[in-house]
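>>> return a 3D structure for these sequence lines:
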Amino acid sequence: MKNIVDPVSRRAFLKTGAALGGGIIAAGMPLSQAIWAAEGKVLRACSYGDLTKLDPVFYNRAVEVDVMSCIYSKLTRYKPGSEWAWELEAAEKVEQVDPTHIRFHLKKGIKFTGGHGEMTARDVKFSFERAIKLNAPAKSEWGPLDHVEIENDHTGVIVYKTPYVPFWMISLPFAVGHILSEDAVISASKDGGDFGMKPPAFSGPYMLADWKPNQYILLERNPEWSGPKPGFDEIRIVPVVDVKARERAYLAGDVDFTSISLDSLAGFKSNPPADTKVEMEPSLWLYWIGMNMDHPKLKDINVRKAIQWAINVPQILDAAFAGQVNVATGTSAPGVVGHRVKALVPPEGDLAKAKEFLEKAGVSDLTLSIDCKNEGSYSTIAQTVQAQLSQIGINVEVNLRDSGSWWTMGMESQGERWKDLQLMVNGYIGLPDPSYIANSFLQNQVGIWNWERFRSARFDELAAKADTIEDPDARAKLYQEMQDLMEDSGAYRFLTNGANPVMYRTTKMLASTRPDGSPVYLDFQPV
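Here you go, the predicted model:
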């Protein structure tokens, strides 16, 4: 989950891409006017963007999941710390009965607000099956879910059509795992549909008390919460899109927790603000250079391989990320099943080898375009690639796109612009299961998320098999072969998984984050 350059989920490409501005800063409102004097124990944090949905199956961005995790409950959640794992939350027990049946036992006494009663297995059934019934955007996170059987008020069995291993690290602990009150949702929306930014009931330690678009998000304690008491009376989150503005907000004392830019990291580490701790965690994003295999200029694999070998990844990372990030080896980030020790093409590439591939293709005076978002580090990446490819005689024209335009580029449903795509600088957010990103490159994703139009029956076969295998070592081998297939196609040059540096005021809090640096607000503790 990268929070550096473009934390907007792919799912948000049309709805939020062009709509969100620079938060309070863009609205011309100083942070000092937007954040009132704190009374009691108040957690003040910057987020990288505003909310658009608080409906778990219609969410658009990861920041919404951070808030949902405070106001709803899930059977399990990601465990804070440095290694990816899950732990129980609303469930007192979750057990695998057989490869397609998972039994859960709810804790007793979890109440929904608004007089909607105690959380039961019926609410779990409603919440989990709802994504499938509504054909919601997030239904893919459930995989081949069939239904949920109710055994009694607090016990049920989640039934899958086929084994689905990503269930443990995607389905339950992330967005679609949030449990809603069936009674409250049906009462609010009749058909149980999208309730947008108006949660009909809360079941977590906090409630949404107020939300001013592009200004602030205010969470207050839920008086009906019977679980462990969270550390703060209120959580006040200020959405600020520009990372430099987030840094200024922190330095001005307006917030006490924020992400920071990679080019500021070294300075903050060597000379941190007073009473400040600076941390950097690896993210789960994937940045890469993609090539449209169906474009006439890129149909020849030798041309694609020439481009692969001409791209010097460390040079790009120095220019675009201040040299503060890792070199990606594929779709699986370090710490995720299937991570490759190294890519097939060395990070530095080889210009001589690149020229050999071009000669083999019989191509000269080649002019290509490279498209990217006109924000963050994307344009720097594109310009660096432009310079690198000029060394083998390829002229590259850089096309900068606003976010709204960018997210329609490779979509067949949005017209025929995909036919003009040649090279692209892309980035997708990940979760701690390799299927989340890898499955974007299946054949059925061509013209949806698979903009390179990569097609491999073997890749699809391995992906389907990998979802059913519990042994992480055996599963890793499948994903490693899948990444080899992608790279062998010549259509991908993997760049980095990014990083997520944050800083917080040690006189105000002890922060808690997931292994990727995303805040776990429920576990923040006051000092």
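>>> quick one: the strands in the stretch 51-200 of the chain?
Ranges of strands in the stretch 51-200 of the chain, per DSSP state E, counting those that start in this stretch, are 73-74, 76-78, 86-88, 91-98, 101-106, 145-152, 155-160, 178-179.
>>> now do the contacts for residue 313.
Taking Cβ atoms under 8 Å, 6 or more residues apart in numbering, we find residue 313 in contact with 327, 347, 348, 349, 493, 494, 495, 496. For the C-beta atoms, the positions are set from N, CA and C on the backbone; glycine is no exception.
>>> the third one: neighbouring residues, count only.
Counted with other Cβ atoms under 10 Å, the burial measure for residue 348 works out to 13 neighbours.
>>> go ahead and confirm it touches residue 310.
No - Residue 348 is beyond contact range of residue 310, at 10.7 Å (criterion: Cβ atoms under 8 Å).
>>> and the pLDDT for the residue of the chain most remote from its centre?
Ranked by distance from the centre of the chain (Cα atoms, centre = their mean), the top residue is residue 362, with 40.9 Å. Per-residue pLDDT puts residue 362 at 96.
>>> how much space between the spatially closest residue to residue 272 that is not a sequence neighbour and residue 511?
The spatially closest residue to residue 272, leaving aside those adjacent along the chain, is residue 278, at 5.4 Å (Cβ to Cβ, 6 or more residues apart in numbering). Distance of residue 278 to residue 511, computed by Cβ to Cβ, to the nearest Å: 11 Å.
>>> give me the common contacts of the two.
Common contacts of residue 278 and residue 511 (Cβ under 8 Å, 6+ apart): residue 502.
>>> which residue of the two possesses the greater neighbour count?
The neighbour comparison of residue 278 against residue 511 (other Cβ under 10 Å) goes to residue 511, with 24 against 18.
>>> do you know how far that one is from residue 517?
10 Å.
>>> now do the shared contacts for these two.
Residues touching both residue 511 and residue 517 (Cβ under 8 Å, 6+ apart): 279, 502.
>>> now stretch 166-175: mean pLDDT?
Per-residue pLDDT over stretch 166-175 has a mean of 97.
>>> one step back: and the residue farthest from the centre of the chain, how far is that from residue 303?
10 Å.
>>> before we move on, what about residue 265?
The spacing between residue 265 and residue 303, counted by Cβ to Cβ, is 37 Å.
>>> so which of those two has more stuff around it?
The residue with more neighbours, out of residue 265 and residue 303, is residue 303; 22 against 18, by other Cβ under 10 Å.
>>> find the helix or strand that the more buried one is a member of.
If you go by DSSP states H and E, residue 303 is part of helix 301-310.
>>> mind listing the helices for the stretch 401-527 of the chain?
In the stretch 401-527 of the chain, the helices defined using DSSP state H, counting those that start in this stretch lie at 403-406, 435-438, 457-466, 472-488.
>>> mean pLDDT and distance to residue 317 added to those, as CSV?
CSV is the format used below for the helices of the stretch 401-527 of the chain (pLDDT from 0 to 100; distance: least, Cβ to Cβ, whole Å):
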stretch, mean pLDDT, distance to residue 317
helix 403-406, 86, 21
helix 435-438, 96, 19
helix 457-466, 98, 27
helix 472-488, 98, 18
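>>> just the ones you listed: most buried one?
helix 435-438 (a mean of 23; mean count of other Cβ atoms under 10 Å).
>>> other SSEs contacting that one?
Contact here means 3 or more Cβ pairs under 8 Å, 6 or more residues apart in numbering; DSSP states H and E; on that basis helix 435-438 packs against helix 457-466, helix 472-488.
>>> of those helices, which is nearest residue 366?
helix 472-488 (21.5 Å; Cβ to Cβ).
>>> circling back to that earlier point, and the contacts of residue 313, which is closest to residue 476?
Lowest distance from residue 476 to those (Cβ to Cβ) belongs to residue 494, with 16.9 Å.
>>> for burial, what's the neighbour tally of that closest one?
For residue 494, using other Cβ under 10 Å, the count is 25.
>>> over to residue 145?
So residue 145, with other Cβ under 10 Å, has 20 neighbours.
>>> can you check residue 274 too?
Residue 274: 7 neighbours (other Cβ under 10 Å).
>>> can you list the helices and strands packed on helix 435-438 in JSON lines and add distance to residue 156?
Shown next, in JSON lines, are those (distance: least, Cβ to Cβ, whole Å):
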{"stretch": "helix 457-466", "distance to residue 156": "27"}
{"stretch": "helix 472-488", "distance to residue 156": "27"}
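>>> for residue 341, which of the ones you listed is the nearest?
helix 472-488 (9.2 Å).
>>> contacts for the closest one?
Applying Cβ under 8 Å, 6+ apart, the contact partners of helix 472-488 are 165, 308, 329-332, 337-340, 343-345, 434, 438, 441, 454, 456, 458-459, 462-463, 465-466, 469, 492, 494.
>>> do I have it right that residue 315 meets residue 385?
No - taking contacts as Cβ under 8 Å, residue 315 lies outside contact range of residue 385: 9.6 Å.
>>> so for the two, which residue has more residues nearby?
Neighbours were counted for residue 315 and for residue 385 using other Cβ under 10 Å; residue 385 has more, 27 against 17.
>>> next, give phi and psi for the more buried one.
Backbone geometry at residue 385, expressed as degrees, to the nearest 10, gives phi -60, psi -40.
>>> OK, contacts around it?
The contact partners of residue 385, by Cβ under 8 Å, 6+ apart, come to 289, 311, 316, 370, 396, 423, 425.
>>> can you pull out the strands in the stretch 251-400 of the chain?
Under DSSP E, counting those that start in this stretch, the stretch 251-400 of the chain gives strands at 257-259, 276-282, 286-291, 366-373, 394-401.
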